[in-house]
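Q: Structure for this input, please:
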Amino acid sequence: MPGHVILSHGLNSGPDATKVTALAQVAQALGWTHERPDYTAIDARGRLPDIHDRIALLRARAEAVSGPLVLAGSSMGAFISCLVSLDRPVRGLFLMAPPIGIEGFDRRFDAASVPTTVIHGWDDELIPASDVMRWAQRRRDRLVMVDDGHRLAGHVEFAAEEFGRFLRALPDIAR
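A: Alright, predicted model coming up:
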């Protein structure tokens with residue numbers, strides 16, 4: 001198997017959300033193992049410090065992976081994927097509608113220097129496209145802007161196709 005993917009859903013969503021489900025199907029078709037942690041109990045508390053609990057859950061799942069790892073996420077799932085990538089070696093990051101900052105949160109948004117693809121909507125009502133463009137440009141990440149809002153509801157299939165291209169383009173994984 002090529003490796004393992006952890007797919008993290010956004011706030012007010014769940015592990016069966018449309019985007020992470022579509023990405024899981026692509027990962028499986030390409031021979032990657034995958035999982036979708038459930039953050040809904042953490043999110044239900046609705047407190048800013050609970051982001052640390054989301055990060056801790058993802059970090060624990062990532063540390064349990066013995067082989068090559070890719071982190072993917074939507075919105076808050078993208079945010080925590082980036083932060084965990086600084087603590088655990090990953091082969092790549094696939095980020096959809098990532099928040100570049102969260103007001104009042106004590107950690108800076110950053111990510112490991114690994115192959116990264118970002119998909120973001122021009123009309124994202126929560127995260128300005130210009131912020132994401134500046135962040136991706138500084139890092140030289142692959143950025144795909146689409147005619148959509150924050151949920152990327154009109155681009156689920158497109159995001160899944162991009163994810164497939166992303167996984168296939170990763171350097172060969174030596175075992």
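Q: Could you name the specific helix or strand carrying Thr21?
A: Taking DSSP states H and E as the criterion, Thr21 maps to helix 18-29.
Q: Need the contact partners of that helix.
A: 5, 7-9, 33-34, 36, 72-74, 77, 94, 96, 152-153, 156-157, 159-161, 163-164, 167 (C-beta atoms under 8 Å, 6 or more residues apart in numbering). Glycine gets a C-beta too; all of them are placed from N, C-alpha and C.
Q: Tell me the helix or strand right after it.
A: Note on helix 18-29: by DSSP H and E, the next helix or strand toward the C-terminus is strand 33-35.
Q: what's downstream of that following strand, the next helix or strand?
A: Taking DSSP H and E, what comes next after strand 33-35 is helix 40-45.
Q: In that next one, which of the residues would be classed as buried?
A: Buried residues in helix 40-45, defined by neighbour count with 16 or more other C-beta atoms under 10 Å: Ile42, Asp43.
Q: Let's see the helix holding Thr21 as PDB, backbone CA atoms only.
A: The C-alpha coordinates for helix 18-29 follow below in PDB (Å, rounded to 0.1, in the frame of the first residue of the first chain):
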ATOM      1  CA  THR A  18     -19.500  14.900   1.400                       C
ATOM      2  CA  LYS A  19     -16.000  16.200   0.800                       C
ATOM      3  CA  VAL A  20     -14.100  13.900   3.100                       C
ATOM      4  CA  THR A  21     -16.200  10.900   2.000                       C
ATOM      5  CA  ALA A  22     -15.300  11.700  -1.700                       C
ATOM      6  CA  LEU A  23     -11.600  11.900  -0.800                       C
ATOM      7  CA  ALA A  24     -11.700   8.700   1.100                       C
ATOM      8  CA  GLN A  25     -13.200   6.900  -1.900                       C
ATOM      9  CA  VAL A  26     -10.300   8.300  -4.100                       C
ATOM     10  CA  ALA A  27      -7.700   7.200  -1.500                       C
ATOM     11  CA  GLN A  28      -9.100   3.700  -1.400                       C
ATOM     12  CA  ALA A  29      -9.300   3.400  -5.200                       C
END
